[in-house]
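A.B. asks: Pasting a predicted model and its sequence here:
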Amino acid sequence: MEHLIKRQIAAVARARSTTTPVLLLEGPRGVGKSTLLAGLASGTDSVVIDLDREDYRQLAQTSPATLAGADAPVLIDEYQREPGLLDAIKARLNTETAPGMFVLAGSSSFDSLPRGTQALTGRLQRLAVMPFTQAEIDGMGSDFIARAFEGEIAHSVHPAAATRQDYIQRVMRGGMPLALAQSSDAARSRWFAAYVAQSIDRDAGELRRIGRRSDLRDVLTRVVGQTASVLNVSKVASDVAPSWDTTSDYIELLESLFLVQRLPAWGTTLLPRSIESPKIHVVDSGVGGHLLRLSAAKVARLDPAALTEYGHLLESFVVQDAIRQTTWMDEPVSAGYWRTRDNVEVDLVLERADGMVIAIEVKAGEQVKRSQLSPLVALRDRLGSSFAAGIAFHTGNVGYEADDRIHVLPIERLWT
């Protein structure tokens, strides 16, 4: 299915690969980085050097300078399997540096590598390649977040088409290309099981020595159980066998594999954050639903426990979709969440490099009460003119402007 979906980050990758000596594409395994590399190779004499292949890996081990010295652009997939290559790349860049020399792709975070992580400082740009957004899945271009920064949020008398069941289905399927290609919910569930097993059994072990893989899986399951909540390492550690230190290390490892992602507390000089602890979000809601043993049928039955977990998963789903739209914007955008000392909280704060801010709240209900808008109003009043828009997304089908720069919108407006 992936070849049928147009990825908006592809044009960004092509453009940035010509402006920096080293472009690094990083994101979960199986998300489509290899496809992006193949697209960059087309029309050139370059080949994609895939270090998942034994022959290329042996070449990287025995003759890294040969790989690094190939004609530009040098395209290396799963580079993290031989991080010593970074030293060879650095050596070449020390003698010649020009835009468009290397494009690397990796399924582990650059920060997690044991060697060379500072070797390319100033000569490397990182580009996140994450699961598909809903706009990409539907074959639509979406610049909702970019337009929201300009205050361009239009309202329509026509109700949104998505139903509650539509949202449940979207959350449960997620955005991983191969999961989307499965023919049924049962087949997708088997794919998720295999994906998690490979991440734990193979990929994690390549980055760090693991005591018992079952412990790492337990940590993953319990961290995903905290999705859209402030990360509580002590609570995770109390539920699993490893010590607090080991549990903390395992969470960092899971983040390095792009299974979960921390959302930092956001604040400014005038608006200091009240706590330092990040929120945690599962990277792909489909993987999250699988680990939580949720299904569309279970949520549709209105099981109370399932509804609570689904509400948190829905927040992660919306937060991740919004953040992914920022990856193809020209200006850098930082993401965080805001909480005051009296526990007024905004789920997602996006801040553009010029200081303009969008604030987003996610509600699982089909209507939004005016009292539920108070966190957005509080942030607007404190930020003044740098507050571009506050948006309360919900699962109903009617949108409207509730107050100055405060909007209530169906979630589907993110991608329609």
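C.D. replies: Received it, and whenever you're ready, just let me know what you need.
A.B. asks: contacts, neighbours, all on C-alpha from now
C.D. replies: Will do.
A.B. asks: Contacts for the helix or strand where K298 lies, please.
C.D. replies: Taking DSSP states H and E as the criterion, K298 maps to helix 296-300. Contact partners of helix 296-300, identified using CA atoms under 8 Å, 6 or more residues apart in numbering, comprise Q165, I168, Q169, M172, A306, L307, Y310.
A.B. asks: at 6 Å instead, please
C.D. replies: Here helix 296-300 makes contact (CA atoms under 6 Å, 6 or more residues apart in numbering) with I168, A306, L307.
A.B. asks: next SSE after it?
C.D. replies: That would be, after helix 296-300 and using DSSP H and E, helix 304-326.
A.B. asks: and that next one, how far from the chain's centre?
C.D. replies: Computed by CA atoms, centre = their mean, to the nearest Å, the chain-centroid distance of helix 304-326 equals 12 Å.
A.B. asks: can you pull the buried residues of that helix?
C.D. replies: Buried residues in helix 304-326, counting neighbours by 16 or more other CA atoms under 10 Å, are found at 306-307, 309-326.
A.B. asks: Give me the contact list for that helix.
C.D. replies: T133, A228, H281, S285, V299, V362, A364.
A.B. asks: swap the cut-off to 7 Å and go again
C.D. replies: By CA atoms under 7 Å, 6 or more residues apart in numbering, the surrounding residues in contact with helix 304-326 are 133, 143, 145, 171, 227-228, 281-283, 285, 294, 298-299, 333, 348, 362, 364.
A.B. asks: Narrow those to those that are buried.
C.D. replies: Judged by 16+ other CA under 10 Å, buried ones among these: 133, 143, 145, 171, 227-228, 281-283, 285, 294, 299, 333, 348, 362, 364.
A.B. asks: which one of the residues you listed is nearest S42?
C.D. replies: The nearest member of the buried ones among the contacts of helix 304-326 to S42, counting by CA to CA, is T133 at 24.8 Å.
A.B. asks: Can you report phi and psi for the residue of the chain positioned farthest from its centre?
C.D. replies: Each residue of the chain has a distance to the centre, and by CA atoms, centre = their mean the biggest one is for T95: 35.5 Å. With angles defined as degrees, to the nearest 10, T95 sits at phi -100, psi -30.
A.B. asks: count of residues packed around L379?
C.D. replies: Counted with other CA atoms under 10 Å, the burial measure for L379 works out to 23 neighbours.
A.B. asks: what's the pLDDT at it?
C.D. replies: Looking at L379, its pLDDT reads 95.
A.B. asks: and it, that's in a helix?
C.D. replies: Yes: judged by DSSP: H, G, I helix; E, B strand; the rest coil, L379 forms part of a helix.
A.B. asks: Mind listing the strands the helix or strand where I358 lies pairs with, and their directions?
C.D. replies: I358 belongs to strand 357-362 when elements are defined using DSSP H and E. Next to strand 357-362 in the sheet, as set by DSSP bridges, lie strand 345-352 (antiparallel), strand 387-394 (parallel).
A.B. asks: Between the ones you listed, which one is closest to Q182.
C.D. replies: Here strand 387-394 is closest among the strands paired with strand 357-362 (CA to CA), at 28.2 Å.
A.B. asks: and for that closest one, what are the contacting residues?
C.D. replies: Applying CA under 7 Å, 6+ apart, the contact partners of strand 387-394 are 148-151, 356-367, 376, 380, 405-411.
A.B. asks: Let me know the average pLDDT across that strand.
C.D. replies: Across strand 387-394, the per-residue pLDDT values average to 98.
A.B. asks: ok, and the closest non-adjacent residue to L376?
C.D. replies: Once flanking residues are discounted, L376 sits nearest to G390: 5.7 Å by CA to CA, 6 or more residues apart in numbering.
A.B. asks: With L67 instead?
C.D. replies: For L67, the closest residue by CA to CA, 6+ apart turns out to be A60, at 6.6 Å.
A.B. asks: need the next SSE after the strand or helix carrying that neighbour, C-terminal direction.
C.D. replies: Using DSSP H and E, A60 sits within helix 54-62. For helix 54-62, the succeeding helix or strand toward the C-terminus, using DSSP H and E, is helix 64-68.
A.B. asks: other SSEs contacting that following helix?
C.D. replies: helix 85-95 (3 or more CA pairs under 7 Å, 6 or more residues apart in numbering; DSSP states H and E).
A.B. asks: and the angle from the helix it packs on to helix 54-62?
C.D. replies: Per axes from the mean of the first three to the mean of the last three CA atoms, to 10 degrees, the angle that helix 85-95 makes with helix 54-62 is 60 degrees.
A.B. asks: Any chance you could give me helix 85-95 in CSV, C-alpha atoms only?
C.D. replies: Extracted C-alpha coordinates of helix 85-95, given in CSV (Å, rounded to 0.1, in the frame of the first residue of the first chain):
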residue,chain,number,x,y,z
LEU,A,85,31.0,4.6,9.5
LEU,A,86,30.4,8.0,11.0
ASP,A,87,34.2,8.3,11.6
ALA,A,88,34.9,7.5,8.0
ILE,A,89,32.3,10.1,6.9
LYS,A,90,33.8,12.6,9.2
ALA,A,91,37.3,11.9,7.8
ARG,A,92,36.0,12.6,4.3
LEU,A,93,34.2,15.7,5.3
ASN,A,94,37.4,17.0,6.9
THR,A,95,39.0,17.0,3.4
